[in-house]
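Chemist: quick check, what structure comes out for this input:
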Amino acid sequence: MKHLILLIVSCFILSGCAGLADYTISLDNGYRIDRLSAHQIQIYGEEAVNDSKENIFNHLYVPAEVTAVWWDKQYIIAKQLHLKTNERGVEEPPQNPTDDDYSYWVIEIDENEVKGPLTLKELENDSEQLGINVVFTPIEKLKRES
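Modeler: Sure thing, here's the model as predicted:
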């Protein structure tokens, strides 16, 4: 009986542990979405961002919180919700986000270049110039790895 109670208590403790809900979503060509906590959902790449600062090796392509993506063989486009710091110093999303609370990022896969943050209007102009039709998929709908 003691073992059963210990097992049940252990299950409750473990179910509340940080990190159990974290995941990775693989995208094409070495890019991935990593969920590091509830609102720390970011896009990373195996290769460092191609930047004019040659002494900086940054593998973070899109900062938190990535809420949706679209991609093909040439581009990854991410929708990012801006996090706000609350009175306790914790970053969290706004209660009722508007269009102004989002930015968009365009990653050119072969060049490892990232353009952003962009407004929705800038993204629409870029998409039209690139000849692509962006239809975002929410992060929750993508296949996750542990």
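
Chemist: can you get me a residue count around the residue lying closest to residue 29 once chain neighbours are set aside?
Modeler: Using Cβ to Cβ, 6 or more residues apart in numbering and skipping the chain neighbours, the partner closest in space to residue 29 is residue 109 (5.1 Å). For glycine as for every other residue, the C-beta is placed from the backbone atoms N, C-alpha and C. Using other Cβ atoms under 10 Å, residue 109 is surrounded by 19 other residues.

Chemist: would you mind measuring from residue 109 to residue 47?
Modeler: Relative to residue 47, residue 109 is positioned 10 Å away (Cβ to Cβ, to the nearest Å).

Chemist: likewise residue 107?
Modeler: For residue 107, the distance to residue 47 - Cβ to Cβ - is 11 Å.

Chemist: which SS state does residue 103 fall under?
Modeler: Three-state call for residue 103 (DSSP: H, G, I helix; E, B strand; the rest coil): strand.

Chemist: return the backbone torsion pair for the closest residue to it other than its chain neighbours.
Modeler: Excluding its sequence neighbours, the residue lying closest to residue 103 (Cβ to Cβ, 6+ apart) is residue 117, at 3.4 Å. Taking degrees, to the nearest 10, you get phi -80, psi 140 for the backbone angles of residue 117.

Chemist: what does the one 10 residues further on give?
Modeler: For residue 127, the backbone dihedrals are phi -60, psi -40 (criterion: degrees, to the nearest 10).

Chemist: got a list of what the residue nearest to it when sequence neighbours are not counted touches?
Modeler: Among residues not flanking residue 127 along the chain, residue 134 sits closest, at 5.1 Å (Cβ to Cβ, 6+ apart). When contacts are counted by Cβ atoms under 8 Å, 6 or more residues apart in numbering, residue 134 touches 70, 77, 123, 127.
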